[in-house]
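build the 3D model from these lines:
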Amino acid sequence: MMQCVICGKETEELCPDGVCRDCHVSVSFEDCCDGTWNAKMALRDGVPFELVKKIHPNARVTKDG
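Alright, predicted model coming up:
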């Protein structure tokens, strides 16, 4: 079991940031785990799509965002 860095709850499921599913409110747990949120922010900041997909291969993003 691991412990959420926000609420301290013991759980077997944490995102890469160490946060449990219940504490994910502004970003979905799935978007955090597969890199979709990070990829979208990188694309918004002008990082080329090809590099974003290399860094976050499981992210659900397209060249159009």
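
where do the helices sit along the protein?
In the chain, the segments counted as helices under DSSP state H are 29-33, 36-44, 49-55.

Serialize those helices to TSV and add fields for mean pLDDT.
Conversion of the helices of the chain to TSV gives the following (pLDDT from 0 to 100):
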stretch	mean pLDDT
helix 29-33	97
helix 36-44	96
helix 49-55	97
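
how about the residue most central in space within the chain, what does it touch?
Centroid check for the chain by CA atoms, centre = their mean gives Cys32 as the closest residue, at 1.8 Å. Cys32 makes contacts with 15-17, 19, 24, as judged by CB atoms under 8 Å, 6 or more residues apart in numbering. All C-beta spots, glycine's among them, are computed from the backbone N, C-alpha and C.

and the nearest residue to Met1 once chain neighbours are set aside, bridged to which residues?
Closest residue to Met1 apart from its sequence neighbours, by CB to CB, 6 or more residues apart in numbering: Glu10 at 4.5 Å. Glu10 has these beta-bridge partners by DSSP bridges: Gln3.

check the gap between Glu10 and Val52 for me.
The gap separating Glu10 from Val52 is 34 Å, by CB to CB, to the nearest Å.

looking at those two, which is more packed in?
Neighbour totals were compared for Glu10 and Val52, and Val52 leads with 21 against 9 (other CB atoms under 10 Å).

pull up the gap between the nearest residue to Cys23 once chain neighbours are set aside and Glu13, please.
Excluding the flanking residues, the one nearest Cys23 by CB to CB, 6+ apart is Ile6, at 4.3 Å. Remark: distance between Ile6 and Glu13 (CB to CB) = 14 Å.
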